[in-house]
Structures are given as C-alpha cells and as structure tokens.
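*Asks:* just need the structure, nothing else, for what follows:
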Amino acid sequence: MSDIYHRLQLAGEEQDQEQILAVLSAMHKGTLRNDLRLLNFYREIPVNYGAWVQTVEKNFAELLVHQVQAVVIAHHKLTILKSSHFPRDVIAGVTYVNVEKSTVILSNLGYCIVRADRRMSVRVEMGIAIKACFAAPQHETEGTLHDMSLTGLSIKVPRDPGIPLSTKGELSLELPAGLTTVPASLLKVIPDGDGCRLAFEIEPSRPAELSISQFVFQRQVEIIKELKEHPGVTP
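*Replies:* Numbering: from 1, shown residues only. From the prediction side, this is the model:
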C-alpha cells in the first residue's frame with residue numbers, strides 16, 4: 001500500500017472506470033465545466049497543474065497536460081485526477097507519455113484516497129547524503145536522511161535495528177547549517193530495497209524549527225529548478 005494514495009472501489013472496478021470516463025467525456029464535449037487538475041509528487045513535492053481532455057474511448061482517455069506534469073508522470077507512470085465532478089479523487093495508470101507534445105494516455109482509472117493530502121507540512125526528499133543518528137535508552141542507530149518536514153522525517157538504515165514502535169529519543173541531523181537535534185518518536189519501519197526506512201514524528205524547538213524550515217525551503221527550490229531544467233521541458 002502506498003504512502004501517497006490508497007485505491008478504493010465505490011460501485012465496482014469496471015463501473016467506477018465507466019463513471020470516470022463518462023465525466024471526462026462530458027468535460028471534452030463541454031457539457032461539464034472543465035475543472036480538471038492532475039496531482040503527482042516529485043521528490044515529495046506536489047506537482048499540480050490543470051489538464052484538458054483530448055479524446056475518450058472505452059478503456060482510456062488522452063489528456064493534454066502541462067509539460068512539467070508530463071515529466072513527472074513519465075517518471076511515476078501514474079497520476080491523480082482531481083475534479084468537483086468526481087465523488088472521490090481518481091488515480092490512473094499511464095500507458096503513454098509524450099513530454100515534448102505534453103500528452104498522456106490514461107487507463108486503469110479508479111477512485112482513491114490521497115493520503116499525502118493529510119500531511120500537516122511540506123515534505124522534501126533529500127538530494128545529498130545527510131547523516132542522521134537516533135539515540136534512545138538501550139537503542140541507537142545511524143543512517144542517512146531520506147525525507148523531512150517540520151513534523152516528521154525518515155532515515156534510511158542498512159537493516160531493521162529492532163527498535164520498538166513509539167520509542168522516544170533524540171535525532172541528530174548534520175544539516176548544511178550545522179548539527180540539529182530534535183526530540184523524536186518512531187512511528188513505523190518501511191522496507192526499502194536492501195535496507196529499510198525508519199519514520200519518526202519530531203517536535204523541534206523554535207531554533208531547530210527555523211533551521212529545518214530554511215533547509216526544507218531551499219530543497220524545494222532545488223527540486224523545482226531540477227524539474228524545470230529537465231531536458232524534455234521546452235524553455
């Protein structure tokens with residue numbers, strides 16, 4: 001199950017897709033106002049632009065999208081559709097992407113809950129190796145920072161250290177501005193390739209919050225620049 005979304009069925013898989021395609025078809029014909037927007041997450045940053053329906057067939061729809069959105073869709077091979085005409089948000093698989101022409105073909109459309117919408121603060125994924133150490137009574141582990149927000153973060157470690165969930169301790173982070181230490185509580189352990197990620201809830205002090213917010217903002221700027229400078233994006 002993804003941390004970003006959770007698929008669900010309302011009337012049934014086939015019926016849900018038929019209903020979704022009917023709404024897209026009505027947008028294309030102009031009988032419904034087009035308020036369609038697409039949502040993806042690139043390095044944890046939301047990418048959210050408008051989209052326009054080009055064609056609708058029995059099992060798929062072709063959309064004209066923002067070129068930056070097309071870059072992210074090509075990377076993830078899925079996208080989330082948002083519109084007031086849908087009873088729930090819609091998730092769709094992507095069978096074709098043309099970044100140069102800003103077009104995508106969507107299939108396997110179904111309803112979903114976007115878990116990331118519930119986040120309390122902006123999260124960013126790291127672009128550089130930042131050392132992190134969690135220390136608690138009888139437990140200590142080191143790893144590298146994977147992603148971070150003002151309320152939580154995760155670190156990647158080579159193996160599950162066996163720390164019980166809800167264990168409270170301190171996380172030390174070697175941020176570019178200097179060493180930052182925050183109280184932290186272990187929320188979950190997430191398998192990740194040949195290792196795992198430890199996700200923590202954090203409660204930074206005011207100085208630590210300022211340091212983290214500055215770092216998160218700078219990382220946002222870097223990620224957005226990375227997207228806009230993608231080779232497929234027309235200047």
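
*Asks:* can I get the lengthiest strand in the chain in CSV, CA atoms only?
*Replies:* The longest strand of the chain (DSSP state E) is strand 178-192. Extracted in CSV, the C-alpha atoms of strand 178-192 (Å, rounded to 0.1, in the frame of the first residue of the first chain):
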residue,chain,number,x,y,z
GLY,A,178,25.1,22.7,11.4
LEU,A,179,24.2,19.9,13.7
THR,A,180,20.5,20.0,14.6
THR,A,181,19.0,17.8,17.4
VAL,A,182,15.2,17.2,17.8
PRO,A,183,13.1,15.0,20.1
ALA,A,184,11.6,12.1,18.0
SER,A,185,9.3,9.1,18.3
LEU,A,186,9.5,6.1,16.0
LEU,A,187,6.2,5.8,14.0
LYS,A,188,6.9,2.9,11.6
VAL,A,189,9.5,0.8,9.8
ILE,A,190,9.3,0.8,6.0
PRO,A,191,11.1,-1.9,3.8
ASP,A,192,13.2,0.0,1.3
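
*Asks:* pretty sure Y5 contacts V114?
*Replies:* Yes. Assessed by C-beta atoms under 8 Å, Y5 is found in contact with V114 at 5.3 Å. Heads up, the C-betas are built off the backbone N, CA and C, glycines and all.

*Asks:* and the contacts of the longest strand of the chain?
*Replies:* If you take C-beta atoms under 8 Å, 6 or more residues apart in numbering as the criterion, strand 178-192 is touched by 3, 134, 146, 152-154, 156, 160, 163-173, 196-205, 208, 211-212.

*Asks:* next SSE downstream of it?
*Replies:* Next in sequence after strand 178-192, counting helices and strands by DSSP states H and E, comes strand 195-202.

*Asks:* pairing partners for that following strand, with directions?
*Replies:* Strand 195-202 pairs in its sheet with strand 152-157 (antiparallel), strand 178-192 (antiparallel), by DSSP bridges.

*Asks:* SS state for the spatially most central residue of the chain?
*Replies:* For the chain, F41 is the residue whose C-alpha lies nearest the centre (C-alpha atoms, centre = their mean; 3.5 Å). Following DSSP: H, G, I helix; E, B strand; the rest coil, we place F41 in the strand state.
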